[in-house]
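**Student:** Sharing a model that was predicted from the sequence below.
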Amino acid sequence: MSTINVNAIDKESGSELVLGGSGTTVKPHASATVSGFGKVLQFQVTQAHSPSISVDNNTTYTSAGSSWLVSITPNATNSKILISYGSARAGNGGSSYEGRIKIYRQIGGGGYGEIESGLWQTTIKGTVHRPFAAQYVDSTHNTTSQIDYQLYVATSNNVVCSFADSSPCLRWISAMEIGA
């Protein structure tokens, strides 16, 4: 086995180190400090093929139900939680409707609140039935207590909209803890 030492790679100049082949191992030198790399500490997912979620003439955000709810208990207060959610099909209603989704968070059973007040993370508009997916990184949880992430839905203007509007239709929400 041969050892190749690389002291520095300048990513600004486009330098690239490509390794391959069976038995290739990459590790830092004993005196090196490696930073900026996270690793997945855990992954939780809720997925369902449940009936549609309809919001009728409601501009107030309401829970999208248990099929868009995921719980995770972080190992560290400074880890990041990557939330991913979506549906294989969305959109049903008039051409002027706008369905909105927000992520709400509950820490240690203390009650749900918006992660980012006033910001909706996903908008679905029009009558086209299409899949959608979105992600959000929660770096503000600062806890090792259980966190429940729940999607809440609303409409923009006195209309009806549906999410995952065909049954069976896959929808999911996942939470991935990434170490700092």
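**Tutor:** That came through fine.
**Student:** which stretches of this structure have low pLDDT?
**Tutor:** For the chain, applying pLDDT under 70 flags the ranges 1-37, 50-52, 57, 89-97, 121-130, 157-160, 162-168, 180.
**Student:** Go again with 50.
**Tutor:** Under the criterion pLDDT under 50, the flagged ranges of the chain are 11.
**Student:** can you map out the strands along it?
**Tutor:** With strands called from DSSP state E, the chain shows them at 40-48, 53-56, 62-63, 69-72, 80-90, 98-107, 113-114, 122-125, 130-138, 147-155, 160-163, 171-178.
**Student:** Just list the residues touching K39, thanks.
**Tutor:** 178-179 (Cβ atoms under 8 Å, 6 or more residues apart in numbering). No exception for glycine: its C-beta is placed from N, CA and C like everyone else's.
**Student:** same thing but at 7 Å, please
**Tutor:** G179 (Cβ atoms under 7 Å, 6 or more residues apart in numbering).
**Student:** And for Q135?
**Tutor:** 82-84.
**Student:** if we go to 8 Å?
**Tutor:** 82-85.
**Student:** what do you get for S84?
**Tutor:** Contacts of S84 (Cβ under 8 Å, 6+ apart): 133-135, 172-174, 176.
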